[in-house]
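Asks: heads up, no residue letters with this:
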C-alpha cells in the first residue's frame, strides 16, 4: 500500500508545434467543484480511459478549491473520478482506496463525470456526494470492562467506478467526550452483514447483527448521499432503536433482535 503524495504522470509528456496536426496532442484538463468541498483532508483525482487509469494524483483541499487541479491527458473520451476527505485511507496499485485495519472510513465524498477531451482544453465540473455514514451507538447493559468492535464486508472503494470493494472491515468505535456514546464512520455497504461484537476478556461474548437491524429500519445504502445513523441497543431487552438523520423529528424504528 502506498499513498500518492503528488500528481503522477502515467504517460510520458510530449509536445506539439503549431504547424503539426494537433489531434495527437494532449488536452489540458481542469477539474473543479461547483462549491467548496465539505470535508477536510486530501483530494484524489483519477482520469480513466478505456477502463484504465491514465493519470492520477492527490492534492490538498485548499489547492483543489482554489482551482489548481490541472492535468495534461490524452485526447480521448474519459471518466474523471474525484474522492475528497482522504486522511488515513491508502491507495493500492492506483485502483483501490483502502481502509486500514482497525480504522474507521475517512469522511469521503466522491463523484464521477464524463469528459470528452476532444480539444486543447476542457473544464470538468464535479459535485461530490457523501460516501460514508456516521454511526452513533449507545449500548445499555454493557458489561463492566467490555469493549466493542464493528465488523463488515467492505474494505474501501474502487477508484474507477466508486463502488465499494469487498474485504474485511474491523474497527473499534471510540467513546465520545462525555463517555456515553460510541462513534465511528462506516463505508457504503453492499449487504446487511455489519456486526457489533461485544468483547470480554479478549473474546467476543455477544454478537448483534446491526446490519440487519439498520436494513429493517428502512435505511438505504444506495442513496447518493448517505445519511447518518443513531442506534440505541438495549442488551437487557434484546431490542434496538434506530434513528436516521434527516428523518422527521420523532421518526424512529424500534426492533427486536
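Replies: Looks like it arrived, so ask away. None of these values were measured; they are calculated from a predicted model.
Asks: what comes up buried for stretch 183-194?
Replies: Within stretch 183-194, the residues that count as buried by 16 or more other Cβ atoms under 10 Å are 184-189, 192-194. In short, each C-beta sits where N, CA and C put it, glycine included.
Asks: I should have written stretch 210-226 there, sorry.
Replies: Taking 16+ other Cβ under 10 Å as the basis for neighbour counts, the residues of stretch 210-226 that come out buried are 210-217, 219, 221, 226.
Asks: ok, now stretch 151-171?
Replies: For stretch 151-171, burial by neighbour count (16+ other Cβ under 10 Å) applies to 151-157, 159-160, 162, 164-165, 169, 171.
Asks: and that stretch, how far apart are its ends?
Replies: Looking at stretch 151-171, the gap from its leading to its trailing residue is 7 Å under the measure Cα to Cα, to the nearest Å.
Asks: now do stretch 91-110
Replies: For stretch 91-110, the first and last residues are 15 Å from each other (Cα to Cα).
Asks: same question, stretch 86-94
Replies: With Cα to Cα as the measure, the ends of stretch 86-94 fall 14 Å from one another.
Asks: quick one, strands of the stretch 101-250 of the chain?
Replies: Taking DSSP state E, counting those that start in this stretch to define them, one finds strands in the stretch 101-250 of the chain at 109-115, 121-126, 129-130, 132-140, 147-158, 164-171, 174-175, 182-187, 195-200, 203-208, 229-234, 239-244.
Asks: quick one, longest helix in this structure?
Replies: Longest helix of the chain, by residue count under DSSP state H: helix 210-216.
Asks: Let me see the residues that make contact with that helix.
Replies: Residues external to helix 210-216 that are found in contact with it (Cβ atoms under 8 Å, 6 or more residues apart in numbering): 150, 152, 189, 191-196, 229, 231, 233, 240, 242, 253, 255, 257.
Asks: Can you give the distance of that helix from its chain's centre?
Replies: How far helix 210-216 lies from its chain's middle: 20 Å, per Cα atoms, centre = their mean, to the nearest Å.
Asks: Quick one: mean pLDDT over that helix.
Replies: Confidence for helix 210-216, expressed as mean pLDDT, is 94.
Asks: Likewise for stretch 90-101?
Replies: 93.
Asks: mind checking the end-to-end distance for that stretch?
Replies: The distance separating the two terminal residues of stretch 90-101, taken as Cα to Cα, comes to 11 Å.
Asks: Any buried residues in it, and which?
Replies: So, applying 16+ other Cβ under 10 Å, buried residues of stretch 90-101: 90-91, 94, 96-99.
Asks: Pick the one among those closest to residue 130.
Replies: Sorting those by how near they are to residue 130, with Cβ to Cβ, puts residue 97 at the top with 15.2 Å.
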